[in-house]
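Colleague: here is a sequence with its predicted model. Questions after.
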Amino acid sequence: MRYMIRTALLLGLLTGILLFLGNAIAGKTGMLIAFIIAAVMNFLSYWFSDKIVLSMYGAREISYEEAPWLHRMVEELSRRANIPKPRIYLVPMEQPNAFATGRGPGHAAVAVTRGILDILDEEELKGVLAHEIAHIKNRDVLIASIAATIAGAISMIVNWLQWALIFGWGRGEENNNNNPLAILGSILLIIVTPIIAAIIQMAISRSREYLADETGAYICGCPLALARALEKIHNYVMQVPAKVNEGTAHLFIENPLKGEGIWELFSTHPSTEKRIKRLMEIAERMGQRV
């Protein structure tokens, strides 16, 4: 519940920045135009997200005959999560990782890399799949699309301001844009606002990862197995490089582009250490020995 509340608050803050910036710079009309353009772009991405991402990574669907044990595992976890069974795909990638995509529980897919099937035992893999099914259950692709739409509109308005300053927008005597302080304020908005929007967008993504860990832990019934899987994947990801599109990095259970310390603010994922610690706390609440 706390992660859902946090997501709502962060989305509200992001929307507040859009409203303030739009009214201050572009007015209601300009703000509406920016929002519509960003919404259309992200709607198309959201609607075709499964096809786009799976094609990007050369994924192929795994038939039941090829891996009946994997299909039975996903089917069981989906039943526990009370969602339709998603399609299962294999990504030809040596780096151990996994992701879920699709616009909703009825149109979803779970993808695992070849590398993850090699390093995880059955319980650990079940924990990873439960995490991905939790993303589907929690409609995280939709949440990410909403956040991207608002952040995209903010970025668009800031770009308009940047070009307006370059080409001398508003240099008439009737306005204050000749004022050095006004110009400095506009420059600060250009620099600072996209950074703040990006930080909030990343915070929303991290919040959804925590929620998927928690939901997935209850779906599979073994948070410690998911914790072990995260530790293994983290260690391998640092050693086995992979070509991952930065725009899709948030989908993976472990982000190879993430940073630690202050750089975690700009990461789509929380630190693995923090995730494992929270999973251990969940295990204790479930009465399991840590």
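Modeller: Okay, I see it. Numbering: from 1, shown residues only.
Colleague: those helices in the stretch 151-290 of the chain, which residues are they?
Modeller: 180-220, 223-237, 272-285 (DSSP state H, counting those that start in this stretch).
Colleague: can you say which of the ones you listed is packed in most?
Modeller: Highest mean neighbour count among these (mean count of other C-beta atoms under 10 Å): helix 223-237, with a mean of 22. Every C-beta, even on glycine, is put in place using the N, C-alpha and C of the backbone.
Colleague: centre of the chain versus that helix, how much separation?
Modeller: 19 Å (C-alpha atoms, centre = their mean, to the nearest Å).
Colleague: again, but for stretch 9-19
Modeller: 17 Å.
Colleague: over to stretch 87-106?
Modeller: 14 Å.
Colleague: with just CA atoms, put that stretch into CSV.
Modeller: Listed next in CSV are the C-alpha coordinates belonging to stretch 87-106 (Å, rounded to 0.1, in the frame of the first residue of the first chain):
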residue,chain,number,x,y,z
ARG,A,87,3.0,-15.6,-23.2
ILE,A,88,6.5,-16.7,-22.5
TYR,A,89,9.5,-15.6,-24.6
LEU,A,90,13.2,-16.4,-24.7
VAL,A,91,15.7,-13.6,-25.3
PRO,A,92,19.0,-14.8,-26.9
MET,A,93,21.2,-12.9,-24.3
GLU,A,94,23.9,-14.4,-22.2
GLN,A,95,23.3,-11.8,-19.4
PRO,A,96,20.9,-13.2,-16.9
ASN,A,97,17.8,-11.0,-16.8
ALA,A,98,14.0,-11.0,-17.3
PHE,A,99,11.3,-8.5,-18.1
ALA,A,100,7.5,-8.3,-18.5
THR,A,101,5.8,-6.2,-21.1
GLY,A,102,2.3,-5.6,-22.6
ARG,A,103,-0.5,-3.2,-22.1
GLY,A,104,-2.4,-5.2,-19.4
PRO,A,105,-3.0,-8.6,-17.9
GLY,A,106,-4.9,-9.8,-21.0
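Colleague: related to what we said a few turns ago, turn the helices of the stretch 151-290 of the chain into CSV, columns for distance to residue 27 and mean pLDDT.
Modeller: Shown next, in CSV, are those (distance: least, C-beta to C-beta, whole Å; pLDDT from 0 to 100):
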stretch, distance to residue 27, mean pLDDT
helix 180-220, 15, 84
helix 223-237, 46, 95
helix 272-285, 42, 95
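Colleague: TSV for those helices, including distance to residue 244?
Modeller: Shown next, in TSV, are those (distance: least, C-beta to C-beta, whole Å):
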stretch	distance to residue 244
helix 180-220	15
helix 223-237	10
helix 272-285	16
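Colleague: quick one: residue 100 is in a helix?
Modeller: No - per DSSP: H, G, I helix; E, B strand; the rest coil, residue 100 lies outside any helix segment and is strand.
Colleague: what about residue 101, how many residues nearby?
Modeller: 26 (other C-beta atoms under 10 Å).
Colleague: I should have written residue 162 there, sorry.
Modeller: Count around residue 162 with other C-beta under 10 Å applied: 15.
Colleague: which residues touch it?
Modeller: residue 190 (C-beta atoms under 8 Å, 6 or more residues apart in numbering).
Colleague: what about this structure, any weak spots by pLDDT?
Modeller: Low-confidence segments of the chain, defined by pLDDT under 70: 1-4, 7, 23-26, 42, 45-46, 167-179, 181-183, 256-266, 290.
Colleague: ok, 90 please
Modeller: The model of the chain has pLDDT under 90 over residues 1-53, 56, 102-104, 106-107, 139-205, 237-251, 255-269, 287-290.
Colleague: out of the helices of the stretch 151-290 of the chain, which comes closest to residue 5?
Modeller: Residue 5 lies closest to helix 180-220 among the helices of the stretch 151-290 of the chain, at 9.4 Å (C-beta to C-beta).
Colleague: tell me the angle that closest one makes with helix 272-285.
Modeller: 40 degrees (axes from the mean of the first three to the mean of the last three C-alpha atoms, to 10 degrees).
Colleague: chain center to helix 180-220, what's the gap?
Modeller: With C-alpha atoms, centre = their mean, you get 11 Å for helix 180-220.
Colleague: cool, stretch 140-147 as well?
Modeller: 8 Å.
Colleague: quick check: the gap between the spatially closest residue to residue 245 that is not a sequence neighbour and residue 251.
Modeller: In space, residue 245 comes closest to residue 56 once its chain neighbours are excluded; the distance is 6.3 Å by C-beta to C-beta, 6 or more residues apart in numbering. To residue 251, residue 56 is 10 Å away according to C-beta to C-beta, to the nearest Å.
Colleague: just residue 215 next, same as before
Modeller: 16 Å.
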